[in-house]
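> Mind folding the following:
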Amino acid sequence: DAWQRFSGSSLVSISVVSPLVYGLPLGVAVASCTGFGAAFRLFALREFALLPGPLREPVARSLALWRKLELVQIAIAALVTIGGLLSTLGVLGPGAIPFYYFALTAGWALAAGALFIQLRVGDRLSQLLVDASVLPLEAVPRIVRWLQATVAIVFLLLTGVFWYFQVVHHARFREMAENNHLRTMPMRAPRGVIVDRHGEVLVDNRRALMIAIVREQSRDLEATITRLSQVLQLDEGAVRALVQRHRREPTYRPIVVVPDATLAQVAAVSARRLDHELADVIVQEVPTREYPQATLAAHLIGYVGEASDQQTSQEGITAGTVVGQSGIERIYNGLLMGADGSRRVVVNSVGREIRTLEALPPSEGQRVRVSIDAAMQRAADEAFTGLGYAGAAVVLDVRSGDVLTMTSRPAYDPNAFSSGIDRTTWAALNTDALRPLQNRAIQGRYSPGSTFKIAVAAAALEEGIVTPDEKIFCPGGATFFGRFFKCNAAHGWMDM
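Below you'll find the model as predicted:
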């Protein structure tokens, strides 16, 4: 139990309180006391020639012992301070940290013992010098006692601080330290592939490089936002608003700034991570939705995007998750999403990964096959595009009711949404007079038209109500249930 508490204290020192907080005060205290001692020793050496013969030998022995104690103190302060630096920079492995703090505690004990002996030797030297009439009697209590009080106060303060961190709030700081020392990195799951009735891929995934800010590793978040905006040539206000929108999320969860970064952007960030200029910015490879046939069946398939506040609150989805926003992507989002994985990694005090402890790979979402015939869908889309028409076309299999084709033109490219659509493109889609975001097949309001006459005529012929040669007179309208409905013209006599 004692060793676990000591190891926990080591974790606290790594992640919550830098090891330099332990090493530097010891170095400063020892250096200060050593400076007082050195000045006192030099004064005694200067007056050594004035000492009577019988006093020279004990004074010489005392000064030699004092010098050895100073060397011990200097060595301890140097080793402890260097160890603190190496631990802070992550050079010392996690397994060596408890041993370093064991040596640090031993160093404190040795330094305290050396200082205590020095003070006793100082008392003895002072008394010898007073007896030789080299040092005024009234100066002894004032010099020696002041040095004793200074050392005592320094050690008491540092001991109190260490007691606070290591014992009083041990459990709290241990938990904080473990959260910093061991970090869980999420791994996004690829969404399921969507294929047509013959197995042709309609929607797939590709690997993209994401640039994100990890606030847990940030020392100056405002400076990071400003610098990152400059490096990536982004609007600083937009980046700051993005970070503000995710302020309530756990600080270890990355805030995605660029979901699909270019190689130039990745190189710029990676170079600045090496010199710790952007140490709290990460570059991570993530699966991203890809629509290889661009606008083909865009309204039917839909698109994906980051979960909105309403989706996170009502559907229990984690903020920042990519979900379906329309079409099949939204209706079958539960099947397509899959399960995210994670990596548990060890990091040093500046947030750099040292090694991976364990990894839970993500599982891809389920494969979804739809009734659409890609070849027929492509033919319908090309027909509208070639003729320059805006409209909709739906082809059904009358035997099963399967939808073989559902076309709406003009359409949009769902690839623009998979990596986060920019404001310019979004504004253009919403202000376009032809409304490319509207699915005319199910959202448009159209009269049945003459296409429905085929169904009525076939039913009348099948029931024997009319014959193929029968003619009907159109006077320009007809009365139904006491109301006259106009036709678009007076067609006269018309056959089937």
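> Is there a neighbour count for Thr321? I'd like the number.
Residues near Thr321, counting by other CB atoms under 10 Å, number 16. C-beta: built from backbone N, CA, C; applies to glycine.
> Dihedrals phi and psi, it?
Main-chain dihedrals, Thr321, degrees, to the nearest 10: phi -70, psi 140.
> Quick check, it in contact with Ala307.
Yes. Counting by CB atoms under 8 Å, Thr321 touches Ala307, with 4.9 Å between them.
> The stretch 351-496 of the chain: helices as residue ranges?
Under the criterion DSSP state H, counting those that start in this stretch, the stretch 351-496 of the chain contains helices at 374-387, 415-418, 423-431, 440-443, 451-462.
> Export those as CSV, with columns for distance to Leu404 and mean pLDDT.
Compiled in CSV, the helices of the stretch 351-496 of the chain are given as follows (distance: least, CB to CB, whole Å; pLDDT from 0 to 100):
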stretch, distance to Leu404, mean pLDDT
helix 374-387, 5, 91
helix 415-418, 24, 86
helix 423-431, 27, 87
helix 440-443, 13, 88
helix 451-462, 17, 86
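> now for those, which one comes closest to Leu209?
Across the helices of the stretch 351-496 of the chain, Leu209 has its closest neighbour in helix 415-418 (14.0 Å, CB to CB).
> Touching that closest one from outside, list them.
260, 288-291, 294, 303-305, 325, 425 (CB atoms under 8 Å, 6 or more residues apart in numbering).
> hey, which helix or strand in the chain has the poorest pLDDT?
Least confident helix or strand of the chain, by mean pLDDT, DSSP states H and E, is helix 2-15 with a mean of 36.
> do you know how far Glu216 is from Tyr252?
Plainly put, Glu216 is 5 Å away from Tyr252 if you go by CB to CB, to the nearest Å.
> cool, and Met376?
49 Å.
> again with Ser363
For Ser363, the distance to Tyr252 - CB to CB - is 22 Å.
> Neighbour count: those two, which is higher?
Tyr252 (15 against 12).
> quick one: common contacting residues for Glu216 and Tyr252?
Common neighbours of Glu216 and Tyr252 (criterion: CB under 8 Å, 6+ apart): Arg183.
> would CSV of the contacts of helix 415-418 with neighbour count, distance to Met210 and secondary structure be doable?
Shown next, in CSV, are those (neighbours: other CB atoms under 10 Å; distance: CB to CB, whole Å; DSSP: H, G, I helix; E, B strand; the rest coil):
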residue, neighbour count, distance to Met210, secondary structure
Asp260, 17, 7, coil
Thr288, 22, 8, strand
Arg289, 24, 13, strand
Glu290, 16, 15, strand
Tyr291, 24, 19, coil
Ala294, 12, 23, coil
Tyr303, 24, 18, coil
Val304, 25, 15, strand
Gly305, 20, 15, strand
Gln325, 18, 19, coil
Thr425, 13, 19, helix
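> Out of those, the closest to Asn439 would be?
Tyr303 (12.1 Å).
> Hmm, that closest one is touching Val322, no?
No. Here Tyr303 does not reach Val322: they are 10.5 Å apart, not a contact under CB under 8 Å.
> Which neighbours do the two have in common?
Residues touching both Tyr303 and Val322 (CB under 8 Å, 6+ apart) are Arg289.
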